[in-house]
Structure formats: C-alpha cells, structure tokens
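Asks: Show me the folded form of this:
(chains A and B)
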Protein chains: 2
Amino acid sequence: MTFDYFFKPKAIAVIGASNDPLKLGYEVFKNLKKYKEGRVYPVNVKDEVVQGVKAYKNVRNIPDEVDLAVIVVPKRFVKQTVIDCGEKGVKGIVLITAGFGETGEEGKREEKELVEIAHKYGMRIIGPNCVGIMNTHNDMNATFIMDAKRGDIAFVSQSGALGAGIVYKTVKEGIGFSKFISIGNMADVDFSELMEYLADDEESKAIALYIEGVKDGRKFMEAAKKVTKKKPVIVLKAGKSESGARAASSHTGSLAGSYKIYEAAFKQTGILVANTIDEMLSMARAFTQPLPKGNRVAIMTNAGGPGVLTADEIDKHGLKLANLEEETMQKLREFLPPMAAVKNPVDMIASARGEEYYKTAKLLLEDKNVDMLIAICVVPTFAGMTPTEHAEGVIRAVKEVNNGKPVLALFMAGYVSEPAKELLEKEGIPVYERPEDVGIAAYALWEIARRKNG
Amino acid sequence: MTFDYFFKPKAIAVIGASNDPLKLGYEVFKNLKKYKEGRVYPVNVKDEVVQGVKAYKNVRNIPDEVDLAVIVVPKRFVKQTVIDCGEKGVKGIVLITAGFGETGEEGKREEKELVEIAHKYGMRIIGPNCVGIMNTHNDMNATFIMDAKRGDIAFVSQSGALGAGIVYKTVKEGIGFSKFISIGNMADVDFSELMEYLADDEESKAIALYIEGVKDGRKFMEAAKKVTKKKPVIVLKAGKSESGARAASSHTGSLAGSYKIYEAAFKQTGILVANTIDEMLSMARAFTQPLPKGNRVAIMTNAGGPGVLTADEIDKHGLKLANLEEETMQKLREFLPPMAAVKNPVDMIASARGEEYYKTAKLLLEDKNVDMLIAICVVPTFAGMTPTEHAEGVIRAVKEVNNGKPVLALFMAGYVSEPAKELLEKEGIPVYERPEDVGIAAYALWEIARRKNG
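Replies: Numbers count the residues shown, from 1 in each chain, chains lettered A, B, ... in the order given. Okay, here's the model as predicted:
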C-alpha cells in the first residue's frame, strides 16, 4: 500500500543527522542505525562522518534511491531541504522540525507552501512539529525517543510529547505497539489516511488515536466508517471539558470543538471512545482475542475481592456474570476445596495452584452459558507459589479447548506477576493489572461483536 | 491509645512459627525477625529452634511479658492457643488461621466463642482469616507477605488477598503505607475501632478502607463522623453493581447491601468515595499537602497534551483553571520562549529545563488567583535532559514561596521519571503518572477543604 515508503522504506536519509549528543539529529540517527529492512544514510552539511557512518552534504548526493527522508534541520533550511528531497525522488518525508503552523498565521502559510512543494514532486509529509514514526516489526525507529515495545497496536498521537510519554509508559508496563506515529501539525498526512493504511496493516490488530482536534470532520468520518469495518479504532479525545477545550485551543491553536459533537460522531462511525490513556490502551490490547458470541462473562479467581471488583466493572459496561451450568458447578465441586465458591465468580481460594487454574478454565470455557472468560490471579499467598504456574494453567486450558471464546487475564501481584504476564502476552492473552482495565477490555470485545452482529 | 499493643508491641509471640518454607508460619516469623521496637519469640510444639532462634513449646513458657500473639496454627489448635494466650496475659491476637465465620454457621459459632474467651481475658482479636498487620514505621511486618513501602497512608482491607495484591502493587509503584491491616472476618476488632485508633496515629495522614460489607452500620457511621473531623477517610466499596453484590455475597457470606445506601451514608459521614483502587490510593496520597483555600488550579507543563487531559480531569471534579493575573503572564513571557503558552495551563514547551520549572512554579504559587498547583512533566525530549532537574526546580520554588498552597505533580516518563518521583515524594509532594490520578487527588484536597470551611 501507498504508505509503505513511510513504514517499510528501502533507504532512509536522516537529514540533520548529528554527532552532537545534545541534538535531536543525534538521537534520530542513533535510533535508525538499528533499522533492519533497508539502508540508512546520514546527511550533514559539515561532518564527513556521522556516528561512524560516511555522511553526505546533501540528500541529492546519496548514491542510492531514497524513499524516506527524516528531516531534523533548523527551520530556516527546511524549505530547501524539501526541494532537494523532491529532486532526489524521495517519496515520504517525516518532518520533525517545529516552528510552523503551531506558531501562528505566518507559520501556517510556510507549512502550506512546504506541502505544495512536496505534492509537486509527488511526495507526502508527516509533521511538521512531530516526534517521528516507528515500525517496531522491522525495528525502524525514526524518532528521537526510546524504542517502543513490539506489539499489536498501531498508535497515532496528535501530541508528540504525550505520545512520547505514552511510549515510555508502555515500555515500563510491558505494552507493545506495532506502529507509533506522531503526526504533529498534520499539514499533509492526516488521521484519515493513516487509519486507512493501518486498516490493511497485518501487524496491527487495533488502531488507537489520541486526538486534540480534527481538521476535516467529514473526511475523518468517512474514513473511520470504512476502517472500523476492518479493524477496531479506539479514540482518546482531549479537550472534553470547557477547561480542557480552552487548554487544547491554546496548545494547538485549533478549536477543540464541542466534545458532545465529537462523541456522537465517533459513535456513529463505530469508533470506541476512551476516557483515559489506560482505557485506550486496555481496549486496544483486547483485540488479540476473538470476539465473543454474547455478553456472558465467567470470572475465575484465587481471591474474592478482585472477583467482586471485576464483577462491578463488567456490570458497569453492560456485560453480565454467566449463570454456569449445573454440571460445570458439580465438576468444579469435585476438585476444588470445600471453601471454594463454584458459583460465578468461581473463587478457587488462595490454595489454588496451576492445576486448579487449568481445570477450572477448561470447564468454564466448555460451559455453553459462557461467552468470555476472565482469569484473575492475586499474589498467591501460599509460600512457594508464583503466578507463573497459574498463567500456564490458563494457557494449557485455552489451547486444549480452543473453541474461539475470548480470554482476558487480571494478574495483580506487582513485580511477582511479571514472568506470568509475559507468558500470557506471548500466547496473545491480554493481561491487565487493574479490574477497571480488564473490565473495559471485555466491554470493547463485546461492543465490537455486538455491532458486527448488527 | 489502646491498640498500641497491636502496632507497637514490646514483645511478640509467633505461635505456629515454622522451619518449613512452605508454611505461612515460616514467612510470618521470617518477616517479624526484622522487628525493631520489641522482642519476637517463636512458638512451635516440635522444634527447639526456629530459623535460628530458640523456640518455646507454648506461649506460656516464654520468660517475658508478651503483649501481641500472632497465631498461625492449624484450626483445631486455635481455641486452646487463645486460652493459653489469655493465661499468659497477652493483650492482642492477630489470628491468621482461616476456616471460621467464612465457612458457614458452625464457623461463625466457633468464631464467636473465641471472641468470648478473648474478652474474658481482656484480649482483643484481629481476624480470623486474615493476612496479618504491618506497621512500616517500626518495621513490624506481622503478615506472610512482602514488606509494604513506608509511607503516610493507613490501609485497612476486608479482603486479605486483595490487600496483599495492593501491597505488591504499591511496592512496584513506589507508594507507601504507614499501617497495613487485613481485618479478615472482623470477628472482634472492626473498621470502626481501627479508624478511631488510626485517627490519632501521627504516622498516618489519611485512612483508606477497602470494604465489602459493614456489620454494624450505625457504629461505623458514628465512628466515621468523628474520625473524618480529624483525618481524611477514603473508602473503596466493592459490590457496587448487582453482579458485584452477588459476587461479594458468595465471597464473605455477608450481604453487600445496596450500594446507594452505602454511598449516601459515606457522604453523610464525610468519607471520600473511591471507585477504583487507584482512585483510593491517589486520593489518600494527596494529604501530605496542605488544603487549598479555593478550587482554582494552575497547571504548568512541558507538553500541551497532558495539560489538556489534566484540565479535563479537574473540570470533571468541579475544580477550574485559575485565571492568572496579568502580571504573572507578563513575567512568564519574559523568560519563556515565544512559542510557550503563558495562559493557564502554562505550556513551557519541550525545551523547558529545571530553571524554567523553578521560575514558573514560583510565579504561579505567588499568583493570588491560584489556590493549587499541578506541575506536569512529560519525558523531556531534548537530548541530555532528565526529569530530575524539573523535579528539583519545583521543589526549590515550593520551599522558597512556602505559602501553604498545595502542589501535586504528574510525571509521565516511565522508568525515566523514577528518580524525579523519588525526589518529589521525599519532599512530600505527591507525584502521579496519569492525568486522572492527579485530577482526583486535586479533587480530594478541595473536597476536604470545602467541607472544613462548611
């Protein structure tokens, strides 16, 4: 598809690549040196060598076809650089340099001119005033920030710094992205086009957007309507309140618009609306799982409290606790201790080990009244146990039953849970740390299923 | 106060202390060996020595006055052990052993009998069926779980496992507790009495309660009314929804009751109601700061997006963006770059360093239209910067201005923020990772201030 030159380029020029660690062009080139799928060339007007690699004075001097140029030169050189890229036959430009549309009318005019030049040469621009783009699946990090973790969510952010903050947060929390795109001022490439590209991207199972303001509402809605038929789109819209809208307006200069209008539009196009960053990420992560046939949820847990909190959360979102079949409860009774609760939520109590997790998950997945399973593990309080065996039990049951019912996990044991969480994620079972996160993930799966079924 | 024998005992007997790492009595004694303020004696019917310490066959054989006994013996030995404790002159019992009231009518009867025996000897019981208690300020960990981080929040949990999960979570997130109390079945000591004790505990700035069901509603309300006059009480009530209530009822056997009734009662008594674990912790952590005089919030940030999201959150909770004085904006304009926004939220843009954080925080705290300050830092995107200098800037301003206005921080840079967060926390400035958390913390401060002012 058309944007492959952005995300799978054969050759990249980093224009403004630097040897000075205090410059953004240093970080960008350092990050891009790890790119696997193509060649990367530094362009620097002064230095012959950048970070150990032969550099070129101008992109036009590079003895190779260049499809992507990442531009980090000072603002006064940007226009000529874009022209040079055009002459060179570059296809995509990631324009990191700031100081354009976000500064006022003069900047908007300059930005528009850049886009006109680019279009004349058949080039497209992401930015300006952005952090850059990443494709974690081929290790392309064309930004000046740390590598995101590889994963299944395509994340597009209208705020570069917030996007960066979210990358740092997700790295810490073990959440992965397929693509990360900081779109900056959206002078050219916008949400609509990116969504359409990402809709067909096999490495992305869901699309998450952080939006402050949309420029062309009609175009956005038309694109969203098409894209949501192929893939879930989750939006976090900033500027919901009067205070927030005022803040957004001074941030981007664009009117945030009434949130109610946005919300109605999002819903009409099949977009899932998130209220917080964690809601956005929690929903997006759910889609490694199949869609449920209904809204009846079985909860299994080794502790009552989290079962209750999770039941509260799913109820809030219009899902309900499944009424287990008599036979299921009978079979659970056979191996669970007398103090266990075999009614949904099934409380296997603190003594539950991997084997109990396996048997319980299996029975619940096989129960015809169950559409979705949430497996909860609080820190196992019996000496010598770690949550890893519980994760393994769930995974074994899912593999054996294999009947297309979605499974989500809630593992609440801080550092102790980390190896278990890695295991589950490797099997594509999204694992959360908070009842509200697993609750909204369950909602997201059910909501998309419901819409598909009309 | 009366419960000092629970939290500051001179001598502790661990009855059921064990050499077998698979037993709870192993973990409890291992944890208590670190206790600083008093002596700790293992009691074990078989072993002469437990974990290198001389053990006693019976609590009555200990050649010392014992004020606290932690009981982890099998259920069938509990009754005689309680009698032995009474004969020995023990004052407080933490009864970890399970299998009582939570199992049904017979268990309830047995539990009641234990309490009668205890009362006859003038003893009080926390539990049974609990994880134990901790006082982080004297390193007393009378539980079988990991040490909580030392801090200012007293946390009482009706679910042992959830409480444990929260301890593990807070350790990972760097959040501290002053006391941790797993109250189990509340056969004797209940929320009301603990709240009253904690109200006068100088090491606790706020009290957080996880409640599934209250046994004596009237007593609870009377205690809460008294306690909230001295100290903020924050409650997370599980079983809000029909599903949740059903789950809670099968968990504790007690009726969860209508959440609406609980909510009304909580509000009437001055309790702050949390909807999630993170809301509970975020609110409780705010009270290292003074109360604001009004609801006008100034936000300073190095990135627009998080400023907008935070403005949305404070608006949701009835706070508002302060209208800065002309003079403040003029002075900000003098040193901030032209692209910065000097209107609240003040966006110092990504180039802001520690010095800009210091000057901006100072001006905002000095502005007479500002009641509260939220300082935001997203990962500084200019090479060579770390959030530590931003934290230092804020701290310096707070110390210099020192005019009693509360300051909260939002640092969103994953691992990169950790040293900065530690610095802020050391100065008593609560620091959050998510806009919704800092938003509800601001609400908690304002809500308590509002109530105090009538």
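Asks: Got phi/psi on the residue nearest to the spatial centre of chain A?
Replies: Ranked by distance to the mean C-alpha position of chain A (Cα atoms, centre = their mean), the top residue is A:Ile153 at 3.5 Å. Backbone torsions of A:Ile153, given as degrees, to the nearest 10, read phi -100, psi 130.
Asks: Just the pLDDT for it.
Replies: At A:Ile153, the model reports a pLDDT of 98.
Asks: and it, what is it in contact with?
Replies: Each residue near A:Ile153 by Cβ atoms under 8 Å, 6 or more residues apart in numbering or on different chains is listed here: A:Ile175, A:Gly176, A:Phe177, A:Ser178, A:Ser204, A:Lys205, A:Ala206, A:Ile207, A:Ala208, A:Leu281, A:Ala284, A:Arg285. C-beta here means a position set from N, CA and C on the backbone, and glycine is covered the same way.
Asks: what's the closest non-adjacent residue to the residue of chain A most remote from its centre?
Replies: Going by Cα atoms, centre = their mean, the residue of chain A most distant from its centre is A:Pro338, 43.1 Å out. Excluding the flanking residues, the one nearest A:Pro338 by Cβ to Cβ, 6 or more residues apart in numbering or on different chains is B:Thr103, at 7.6 Å.
Asks: Please look at that neighbour and A:Pro337 and confirm they touch.
Replies: No: if you go by Cβ atoms under 8 Å, B:Thr103 and A:Pro337 don't touch, sitting 10.5 Å apart.
Asks: Close to chain B: what parts of the stretch 301-450 of chain A are there?
Replies: A:302-309, A:311-312, A:314-316, A:320-321, A:338-339, A:341, A:343, A:345, A:347, A:350, A:378-379, A:381-384, A:412-417, A:433-436 (Cβ under 8 Å from any Cβ of the partner chain).
Asks: for chain A, longest helix please?
Replies: Longest among the helix segments of chain A by residue count, using DSSP state H, is helix A:435-452.
Asks: and that one, how far out from the chain's middle?
Replies: Chain-centre distance of helix A:435-452: 16 Å, with Cα atoms, centre = their mean, to the nearest Å.
Asks: Then stretch A:322-332?
Replies: For stretch A:322-332, the distance to the chain centre is 37 Å (Cα atoms, centre = their mean).
Asks: Could you do stretch A:407-418 as well?
Replies: With Cα atoms, centre = their mean, you get 20 Å for stretch A:407-418.
Asks: again, but for stretch A:352-359
Replies: Distance, centroid of stretch A:352-359 to centroid of chain: 32 Å (Cα atoms, centre = their mean).
Asks: now stretch A:4-24
Replies: 23 Å.
Asks: Can you name the residues that contact the spatially closest residue to A:Gly217 that is not a sequence neighbour?
Replies: Nearest non-adjacent residue to A:Gly217, counting by Cβ to Cβ, 6+ apart: A:Ala265, 6.9 Å away. Contacts were defined as Cβ under 8 Å, 6+ apart; by that measure A:Ala265 touches A:Gly217, A:Phe220, A:Met221.
Asks: Could you check how far A:Ala265 is from A:Glu222?
Replies: 11 Å (Cβ to Cβ, to the nearest Å).
Asks: What count of nearby residues applies to A:Ile261?
Replies: A:Ile261: 10 surrounding residues under other Cβ atoms under 10 Å in any protein chain shown.
Asks: Over to the one 5 residues further on?
Replies: With neighbours defined by other Cβ under 10 Å, the count for A:Phe266 comes to 24.
Asks: Distance-wise, check it relative to chain B.
Replies: Using Cβ to the nearest Cβ, to the nearest Å, one gets 16 Å for the distance from A:Phe266 to chain B.
Asks: In the helix or strand containing that residue, which residues are buried?
Replies: Here A:Phe266 sits within helix A:259-268, counting by DSSP states H and E. Going by neighbour count (16 or more other Cβ atoms under 10 Å in any protein chain shown), the buried part of helix A:259-268 is A:Tyr259, A:Tyr262, A:Ala265, A:Phe266.
Asks: Show me how far the next helix or strand after it is from its chain's centre.
Replies: Using DSSP H and E, the helix or strand that follows helix A:259-268 towards the C-terminus is strand A:272-274. Its chain's average C-alpha position is 13 Å from that of strand A:272-274, according to Cα atoms, centre = their mean.
Asks: same thing with stretch A:342-351?
Replies: On the basis of Cα atoms, centre = their mean, stretch A:342-351 sits 33 Å off its chain's mean C-alpha point.
Asks: Up against chain B, what does the stretch 151-300 of chain A have?
Replies: A:157-166, A:168-173, A:210, A:212, A:238-244, A:246-248, A:250-252, A:256, A:275-278, A:299.
Asks: And the strands in the stretch 1-150 of chain A?
Replies: A:11-15, A:39-43, A:49-50, A:53-54, A:68-71, A:92-95, A:124-126, A:132-135, A:140-143, A:149-157 (DSSP state E, counting those that start in this stretch).
Asks: near chain B at all, the third one?
Replies: To tie it back to what came earlier, the one meant is strand A:49-50. No: judged by Cβ under 8 Å from any Cβ, strand A:49-50 stays clear of chain B, getting no closer than 14.7 Å.
Asks: any idea of the mean pLDDT in that strand?
Replies: So the average pLDDT for strand A:49-50 ends up being 98.
Asks: gap between the nearest residue to A:Glu392 once chain neighbours are set aside and A:Ala361?
Replies: In this structure, A:Glu392 finds its nearest non-sequential neighbour in A:Gly354, 5.4 Å apart by Cβ to Cβ, 6+ apart. From A:Gly354 over to A:Ala361 the distance is 10 Å, taken as Cβ to Cβ.
Asks: Pick out whichever of B:Thr103 and A:Pro337 has more residues nearby.
Replies: Set B:Thr103 next to A:Pro337 and count neighbours by other Cβ under 10 Å: B:Thr103 wins out with 18 against 12.
Asks: can you redo the strands of the stretch 1-150 of chain A as TSV with distance to A:Ile271?
Replies: Below are the strands of the stretch 1-150 of chain A laid out as TSV (distance: least, Cβ to Cβ, whole Å):
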stretch	distance to A:Ile271
strand A:11-15	32
strand A:39-43	36
strand A:49-50	42
strand A:53-54	43
strand A:68-71	29
strand A:92-95	26
strand A:124-126	22
strand A:132-135	22
strand A:140-143	26
strand A:149-157	13
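Asks: Tell me, how many residues neighbour A:Asp4?
Replies: Going by other Cβ under 10 Å, the residues that sit close to A:Asp4 add up to 16.
Asks: can you give me the strands for the stretch 301-450 of chain A?
Replies: A:320-321, A:346-347, A:372-378, A:407-412, A:431-432.
Asks: Ranking the ones you listed by mean neighbour count, which comes first?
Replies: For the strands of the stretch 301-450 of chain A, average neighbour numbers computed from mean count of other Cβ atoms under 10 Å in any protein chain shown are highest in strand A:372-378, which has a mean of 30.
Asks: A:Lys108 touches A:Gly99, doesn't it?
Replies: No: under the criterion of Cβ under 8 Å, A:Lys108 makes no contact with A:Gly99, lying 11.6 Å away.
Asks: ok, now how distant is the residue nearest to A:Gly384 when sequence neighbours are not counted from A:Ser351?
Replies: With sequence-adjacent residues excluded and distances taken as Cβ to Cβ, 6+ apart, A:Gly384 is closest to B:Leu22, at 5.0 Å. Using Cβ to Cβ, B:Leu22 is found at 12 Å from A:Ser351.
Asks: Which one of these two is surrounded by more residues?
Replies: A:Ser351 (16 against 11).
Asks: Might one say that that one is in contact with A:Pro338?
Replies: No: with contact defined as Cβ under 8 Å, A:Ser351 does not count as touching A:Pro338 (11.2 Å).
Asks: how many neighbours does A:Tyr35 have?
Replies: Using other Cβ under 10 Å, A:Tyr35 has 18 neighbouring residues.
Asks: same question, A:Lys231
Replies: 18.
Asks: A:Glu203 too?
Replies: 18.
Asks: sec struct for it, please.
Replies: Counting by DSSP: H, G, I helix; E, B strand; the rest coil, the backbone at A:Glu203 sits in coil.
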